[in-house]
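**Q** Return a 3D structure for these sequence lines:
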Amino acid sequence: MFKLDDNLLQELGLGTLPAVEKNKMLSHIYETLEMRVGMKLAEQMSNDQLDEFESYIDRNDEPGALKWLEANFPGYKQVVADELEKLKIEIRSAAPQIVAASQADPINQAPQPAQPQAPAAYQPPANQQ
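**A** Below is the predicted model of the structure:
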């Protein structure tokens, strides 16, 4: 379907990020995409379907969750593709700022964990439970 790899980062204008930042950005893209797709699909699910699907997630049964989605929401792959395209547009527009912030960040030169420099729209909500 799609790959979250260096080629994607190159396509988005983030190919010059340091390796640590690339890994963090790929993780961030995956988590954001997962959240957006989940929200989109949840809007279409009945309470019973939501409970059933969440039971797969709670058990960390990704193959079971995908099989369930294929059976109950055969168009889910299109939802993933649509959300990925939206996300790519957003990231592409912010790529120059992300790269510049990464290059100007002295943390990248020190042996400390660096925070990914992503657009505000991509930051997960703080203290959400």
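**Q** make it CA atoms for all contacts and neighbour counts henceforth
**A** OK.
**Q** Residue 87 contacts residue 33, correct?
**A** Yes: under the criterion of Cα atoms under 8 Å, residue 87 makes contact with residue 33 at 7.5 Å.
**Q** between these two, who's got more neighbours?
**A** Between residue 87 and residue 33, counting by other Cα atoms under 10 Å, residue 33 is the more crowded of the two (19 against 16).
**Q** residues in contact with that one?
**A** Contacts for residue 33 (Cα atoms under 8 Å, 6 or more residues apart in numbering) come out as 80, 83, 84, 87.
**Q** quick one: secondary structure of it?
**A** Using DSSP: H, G, I helix; E, B strand; the rest coil, the structure places residue 33 in helix.
**Q** Over to the one 4 residues further on?
**A** The three-state label given to residue 37 by three-state DSSP is helix.
**Q** Just the local confidence number for it, please.
**A** You'll see residue 37 listed with a pLDDT of 93.
**Q** Report the spatially nearest residue to it, omitting neighbours in sequence.
**A** residue 80 (5.9 Å; Cα to Cα, 6 or more residues apart in numbering).
**Q** Ok, residue 99 next?
**A** Among residues not flanking residue 99 along the chain, residue 17 sits closest, at 6.1 Å (Cα to Cα, 6+ apart).
**Q** Pull the number of nearby residues for the one you found.
**A** Neighbour count for residue 17, taken as other Cα under 10 Å: 20.
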